[in-house]
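In: Quick one, fold the following:
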Amino acid sequence: MHHGCGPITGLHFNAAVKKLPVKETRRALQENSKADLVTRLKQRSGAIRVSELARILTMSRTTVYQMVEAGRIPHYRIGDSIRFDPVRIASWLAEQEIVG
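Out: Model (predicted):
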């Protein structure tokens, strides 16, 4: 039995938390994750290489190259090299629709 102003024991914190349906939870996590990624990208300096962007976006380098060739992602070329401006990639990513 609890008396006074100290912590209440014997209760599970999670029992008081309203749980969202799985689909809504997944969507919220994706949006938070995307927002965090956008923020991190905006704080970066220097150009990003294809291999690094593929790792950041968790996709293959081939997919990144295909997106570049199709003009689906902002990029620039220096000679034969493809580079990405982190601020432009952050803006591009923020515009992308999340399908959940």
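In: from here on, contacts and neighbour counts on C-alpha atoms
Out: Will do.
In: can you list the residues that contact the helix or strand containing residue 77?
Out: Secondary structure assigned from DSSP states H and E places residue 77 in strand 76-78. Strand 76-78 is contacted from outside by 82-84, using C-alpha atoms under 8 Å, 6 or more residues apart in numbering.
In: repeat that with 10 Å
Out: Contacts of strand 76-78 with the rest of the structure, by C-alpha atoms under 10 Å, 6 or more residues apart in numbering, involve 47, 68, 82-85.
In: Restricted to helices, list those residues.
Out: residue 68 (DSSP state H).
In: I'd like to know which of the contacts of strand 76-78 is nearest to residue 75.
Out: residue 84 (4.8 Å; C-alpha to C-alpha).
In: re the thing from before, if you count neighbours, what's buried in the strand holding residue 77?
Out: By neighbour count with 16 or more other C-alpha atoms under 10 Å, strand 76-78 contains no buried residues.
In: quick one: strands adjacent to that strand?
Out: Sheet partners assigned to strand 76-78 using DSSP bridges are listed as strand 81-84 (antiparallel).
In: need the contact list for residue 58.
Out: Contacts of residue 58 by C-alpha under 10 Å, 6+ apart are residue 52.
In: for residue 54, same thing?
Out: Counted by C-alpha under 10 Å, 6+ apart, residue 54 has contacts 48, 60-65.
In: now do residue 75
Out: So residue 75 contacts 47-50, 67-69, 82-86, 88-89 (C-alpha under 10 Å, 6+ apart).
In: swap the cut-off to 7 Å and go again
Out: Listed by C-alpha atoms under 7 Å, 6 or more residues apart in numbering, the contact partners of residue 75 are 68, 82-85.
In: Filter the contacts of residue 54 down to just the buried residues.
Out: 48, 61, 64-65.
In: For stretch 50-65, give the mean pLDDT please.
Out: In this model, stretch 50-65 carries a mean pLDDT of 95.
In: Quick one: end-to-end distance for that stretch.
Out: 7 Å (C-alpha to C-alpha, to the nearest Å).
In: and what of stretch 80-90?
Out: End to end - C-alpha to C-alpha - stretch 80-90 spans 24 Å.
In: Show me the contact partners of that stretch.
Out: 38, 41-42, 44, 47-50, 74-77.
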